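Engineer: predicted coordinates and the sequence they were generated for:
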Amino acid sequence: DAGITQSPRYKITETGRQVTLMCHQTWSHSYMFWYRQDLGHGLRLIYYSAAADITDKGEVPDGYVVSRSKTENFPLTLESATRSQTSVYFCASRPSQGLEAFFGQGTRLTVV
Amino acid sequence: DAKTTQPNSMESNEEEPVHLPCNHSTISGTDYIHWYRQLPSQGPEYVIHGLTSNVNNRMASLAIAEDRKSSTLILHRATLRDAAVYYCILHTGANSKLTFGKGITLSVRP
């Protein structure tokens, strides 16, 4: 299917476990982003990538790791999940020459 | 990064026009004004953007002040489906990041 997809849509994990959230886009957009959304904070940028093998930190990168070996995929890994990382995570992509970003449906992550 | 200021919330009646304001007094000459909206339980979606001139598309209109220090998103006939959080964002083509504030929550009364 064309577009941007996130998986899983829902995830429950235990404190201290590693968990990876997947993001896949079919447009070959250069830019990809990861945001988290918490009540009272709105959307906060975690990491972003301008191209394959190029990533940079956003506002709240601590506790997260990203990679971008292929243009279409931008996985987000929580190396050792904490309760404070319970949130809804959104992935987005944008073409290099365009200004419109496209968002996935989100992953609701609960760390217990 | 230049910041935007929006009211926390606004109410409107169905089928009436809605004007959502945004202040961006520190906007730079290369900043585009973007609006996104987020429906309940969904990811944000693009609504409209502009630089200097007013813009219209099938979803909304964007009115930009002559000094560019403020703008207004106009929904011509609000529907219940337009109830969402609306974000006003400044973005330059050279800046790859989109930074969201808290947005304005629009409620639509039947």
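Structural biologist: Good, I have the coordinates.
Engineer: CA atoms of the helix or strand hosting residue A:44 as CSV?
Structural biologist: Using DSSP states H and E, residue A:44 sits within strand A:42-51. Extracted in CSV, the C-alpha atoms of strand A:42-51 (Å, rounded to 0.1, in the frame of the first residue of the first chain):
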residue,chain,number,x,y,z
GLY,A,42,1.9,18.4,22.2
LEU,A,43,4.2,16.9,19.5
ARG,A,44,7.9,16.9,20.3
LEU,A,45,10.6,16.0,17.8
ILE,A,46,12.8,13.0,18.8
TYR,A,47,15.0,12.5,15.8
TYR,A,48,14.9,13.3,12.1
SER,A,49,16.8,12.2,9.0
ALA,A,50,17.6,14.1,5.9
ALA,A,51,18.6,11.1,3.8
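Engineer: that one: how far from the chain's middle?
Structural biologist: 7 Å (Cα atoms, centre = their mean, to the nearest Å).
Engineer: can you list the strands that that strand pairs with?
Structural biologist: Looking at strand A:42-51 with DSSP bridges, its partner strands are strand A:31-38 (antiparallel), strand A:54-57 (antiparallel).
Engineer: and residue A:104, which of those is closest to it?
Structural biologist: strand A:31-38 (9.9 Å; Cβ to Cβ). Placement of C-beta: from N, CA and C, glycine included.
Engineer: residues of that closest one that come out buried?
Structural biologist: For strand A:31-38, burial by neighbour count (16 or more other Cβ atoms under 10 Å in any protein chain shown) applies to A:31-37.
Engineer: a markdown table please, covering those and showing distance to residue B:71 and pLDDT.
Structural biologist: Output for these, formatted as a markdown table (distance: Cβ to Cβ, whole Å; pLDDT from 0 to 100):
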| residue | distance to residue B:71 | pLDDT |
| --- | --- | --- |
| A:31 | 24 | 93 |
| A:32 | 27 | 95 |
| A:33 | 23 | 95 |
| A:34 | 28 | 97 |
| A:35 | 23 | 97 |
| A:36 | 27 | 97 |
| A:37 | 24 | 96 |
